[in-house]
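In: The following block contains a protein sequence and its predicted model.
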Amino acid sequence: MSSYESVIGLEVHAQLSTDSKIFALSAAHSGAEANTLCDPVTLGLPGALPVLNRRVVDYAIKIGLALECEINRESVFERKHYFYPDLPKGYQISQYEHPICSNGRLAVRMGEELRTIGITRIHLEEDAGKSTHSETEPVSYADLNRAGVPLVEIVSEPDLRTPAEAAAYMRQLRQIVRYLDICDGNMEDGSLRCDANISLRPYGQEEFGTKVEIKNLNSFRFVERAIEHEIQRQTLMLEQGEKVIQETRLWDEQKSATKPMRSKEYAEDYRYFPDPDLPTVVVDPVWIDKARSSLPELPEQVFSRFKTMYALDDYYAERLSEEKLIARFYDQAVSEHNNPTALANWITTELYGRMNREGVNIEECPVSPQNLAMLVRLIDEGVISGKIAKSVFDEMFSTSASPDSIIEAKGLRQVSDPEVLNNVIRGVLEQNPQQVAQFREGKEKMLGFFVGQVMRETQGKANPEMVNEILRKLLSEDA
């Protein structure tokens, strides 16, 4: 056991899903040819003046409310100076001393425990461009399409203690921004990424240790692994009597290690000062109230409602509240057929499994909530067995057809006529006298053999419960 406690804080950048950039009219989407989404403001041309996108502020207020922040009546944009090839102005417009949101919190669920993580601030800023480097020539290229794309930066308090907590915190933030429809949360494309700050201190010490920042982590796995490695690296240094250097590092996935990027800057190194081209942002109470009234039911609220309304356990409630559209799908299915547990099972096993195999999301899913509810109802009514239902579901996913039409077209309706089943079972018993004798001698496992034979005779259509009941009755009779 290490004698050091890890202290972790995350700075999460979420790209806001607006049509245009934060201070200009160029499109803010990704995937366009390099340097085609530019304009005089983006390029930092002399005389080009920024104009704030109102929707960006609205989105920032919503995430602030969702994270129980104070929405500051006044916030100020400042210039943060640094010199990169993909930052044409030589500064980034951000917020520093007067952010739009502050003093919030997020409850992170770790199994049955809830850990409350403080939110220091949420501020608005513009993204930088993107530099790419040739592998064959000593040449670098700057693509400014992303420059000026709106971001919110969500800065946590240093309340996280383990890599698993940090990843769970990140996952819940992603859920929230997706529920709010303000960010697509696509980490592979960089729509959601984070910088992690890690330091160590002896257990019981209040003072923080020397902080190291890991930049641009863009997956939950990378967040967890990079922090875990950095804790191990710093622990080894401290145990060997070395000092941890304050610096910025990058995560090298190939080597499963962090590597130095640059010495860590301090705030004064960026020479922050209020941007003279942008006035103070003033948010009145009416705007805040309007944003609050438009908030959807958030993930933790859905989780709690699913547990109380549908009596689901934590596993089902968590899986079904992960995505807003999945939660809506489930609600619609239960409204069609009131068997919450069975529907939860079908969605989290068969539906999730098939969507993963086919690489489709719930918006593209060919099985409607109404048809899935009908399938479960047909099982409950004894029209088809659970086994047949799986083959019906496969056909539903492939064709988008309703389960009743598939059952009728393929003649899959379950045999539940007692007289028909009685005759089939008597025939099976007459054909297998040796097995009948073994069962009557106490070999209970032979019952499964008879059930299999009956299912073969009926092409899997026999009602399993009725088959078991009739079998036991006939086998209990004297030979």
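Out: Right, received. Where do you want to start?
In: which stretches of the stretch 101-250 of the chain form strands?
Out: Assigned by DSSP state E, counting those that start in this stretch, the strands in the stretch 101-250 of the chain fall at 101-110, 113-126, 130-133, 140-143, 150-156, 192-202, 212-217, 247-252.
In: Packing partners of the fifth one?
Out: Counting contacts by 3 or more C-beta pairs under 8 Å, 6 or more residues apart in numbering; DSSP states H and E, the secondary-structure elements packed against strand 150-156 are strand 4-15, helix 54-66, strand 113-126. Heads up, the C-betas are built off the backbone N, CA and C, glycines and all.
In: The ones you listed: which one's closest to residue 324?
Out: Comparing these by their distance to residue 324 (C-beta to C-beta), the top pick is helix 54-66, with 12.6 Å.
In: Give me the packing partners of the closest one, helices and strands only.
Out: On a contact count with 3+ C-beta pairs under 8 Å, 6+ apart, helix 54-66 meets strand 70-71, strand 101-110, strand 113-126, strand 150-156, helix 163-179, helix 285-293.
In: Okay, now the unreliable bits of this protein?
Out: Counting by pLDDT under 70, the chain has low-confidence residues at 1, 263-267, 416-417, 478-479.
In: If we use 50, what do you get?
Out: Low-confidence segments of the chain, defined by pLDDT under 50: 479.
In: Could you dump the helices and strands packed on helix 54-66 into CSV and include mean neighbour count and distance to residue 299?
Out: Listed next are the helices and strands packed on helix 54-66 as CSV, based on neighbours: other C-beta atoms under 10 Å; distance: least, C-beta to C-beta, whole Å:
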stretch, mean neighbour count, distance to residue 299
strand 70-71, 16, 21
strand 101-110, 18, 10
strand 113-126, 19, 13
strand 150-156, 24, 15
helix 163-179, 22, 4
helix 285-293, 12, 17
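In: out of these, which comes closest to residue 369?
Out: Of all the helices and strands packed on helix 54-66, the one in closest proximity to residue 369, counting by C-beta to C-beta, is helix 163-179 (18.6 Å).
In: With just CA atoms, put that closest one into CSV.
Out: What follows is helix 163-179, C-alpha atoms only, in CSV (Å, rounded to 0.1, in the frame of the first residue of the first chain):
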residue,chain,number,x,y,z
PRO,A,163,-8.5,6.9,-11.6
ALA,A,164,-11.9,5.1,-11.5
GLU,A,165,-13.6,8.1,-9.9
ALA,A,166,-12.1,10.4,-12.6
ALA,A,167,-13.5,8.1,-15.4
ALA,A,168,-16.9,7.9,-13.7
TYR,A,169,-17.0,11.7,-13.3
MET,A,170,-16.2,12.1,-17.0
ARG,A,171,-18.8,9.6,-18.0
GLN,A,172,-21.5,11.4,-16.1
LEU,A,173,-20.5,14.7,-17.5
ARG,A,174,-20.8,13.2,-21.0
GLN,A,175,-24.3,11.9,-20.1
ILE,A,176,-25.4,15.3,-19.0
VAL,A,177,-24.2,17.3,-22.0
ARG,A,178,-25.8,14.7,-24.3
TYR,A,179,-29.1,14.8,-22.3
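In: who touches residue 282 in this structure?
Out: Applying C-beta atoms under 8 Å, 6 or more residues apart in numbering, we find residue 282 in contact with 73-74.
In: Could you pull up phi and psi at it?
Out: Backbone torsions of residue 282, given as degrees, to the nearest 10, read phi -110, psi 120.
In: Quick check: bridge partners of it?
Out: residue 74 (DSSP bridges).
In: quick one: which of the helices and strands packed on helix 54-66 is nearest residue 477?
Out: Judged by C-beta to C-beta, the one of the helices and strands packed on helix 54-66 that comes nearest to residue 477 is strand 101-110, at 56.3 Å.
In: Nearest to residue 421, out of the helices and strands packed on strand 150-156?
Out: For residue 421, the closest of these is strand 113-126, at 51.5 Å, according to C-beta to C-beta.
In: could you check the angle helix 54-66 makes with the closest one?
Out: 160 degrees (axes from the mean of the first three to the mean of the last three C-alpha atoms, to 10 degrees).
In: Residue 202 versus residue 27, what's the distance?
Out: Applying C-beta to C-beta, to the nearest Å, the value for residue 27 to residue 202 is 52 Å.
In: the more surrounded of those two?
Out: A count of neighbours by other C-beta atoms under 10 Å puts residue 27 above the other of residue 27 and residue 202, at 16 against 12.
In: so what's residue 245 closest to, chain neighbours aside?
Out: Distances taken as C-beta to C-beta, 6 or more residues apart in numbering put residue 210 closest to residue 245, at 7.1 Å, once the chain neighbours are dropped.
In: That neighbour contacts residue 199, doesn't it?
Out: Yes - checked against C-beta atoms under 8 Å, the pair residue 210 and residue 199 is within contact range at 5.9 Å.
In: Compare those two (neighbour count), which wins?
Out: Between residue 210 and residue 199, residue 199 has the larger neighbour count (other C-beta under 10 Å), namely 21 against 17.
In: doesn't residue 205 make contact with the more buried one?
Out: No - counting by C-beta under 8 Å, residue 199 sits too far from residue 205 to count as a contact (11.0 Å).
In: how long is stretch 244-255 from one end to the other?
Out: By C-alpha to C-alpha, to the nearest Å, the extent of stretch 244-255 from end to end equals 21 Å.
In: In that stretch, which of the residues would be classed as buried?
Out: By 16 or more other C-beta atoms under 10 Å, the buried positions in stretch 244-255 come out as 244, 247-251.
In: Out of these, which is nearest to residue 40?
Out: In terms of C-beta to C-beta, no member of these lies closer to residue 40 than residue 248, at 31.8 Å.
In: and the gap between that closest one and residue 230?
Out: According to C-beta to C-beta, residue 248 stands 12 Å off from residue 230.
In: One more: residue 10?
Out: 13 Å.
In: cool, and residue 298?
Out: From residue 298 across to residue 230, the span is 31 Å (C-beta to C-beta).
In: who's more crowded, those two?
Out: Shown here are residue 298 and residue 230; by other C-beta under 10 Å, residue 230 has more neighbours (26 against 18).
In: For residue 7, see how far away that one is.
Out: Relative to residue 7, residue 230 is positioned 12 Å away (C-beta to C-beta).
In: residues shared between the contacts of those two?
Out: Overlap of the contact sets of residue 230 and residue 7 (by C-beta under 8 Å, 6+ apart) consists of residue 198.
In: count of neighbours near the closest residue to residue 297 other than its chain neighbours?
Out: With sequence-adjacent residues excluded and distances taken as C-beta to C-beta, 6+ apart, residue 297 is closest to residue 305, at 7.4 Å. Number of residues near residue 305 (other C-beta under 10 Å) recorded here: 16.
In: ok, now which ones touch the residue nearest to residue 284 when sequence neighbours are not counted?
Out: Nearest residue to residue 284, sequence neighbours excluded (C-beta to C-beta, 6+ apart): residue 73, at 7.5 Å. When contacts are counted by C-beta under 8 Å, 6+ apart, residue 73 touches 282-284.
In: quick one: residue 73 and residue 343, what's the gap?
Out: Distance from residue 73 to residue 343, counting by C-beta to C-beta: 46 Å.
In: what helices or strands is the helix or strand encompassing residue 426 leaning on?
Out: Using DSSP states H and E, residue 426 maps to helix 418-431. Packed against helix 418-431 by the contact rule (3+ C-beta pairs under 8 Å, 6+ apart) you find helix 446-457, helix 464-476.
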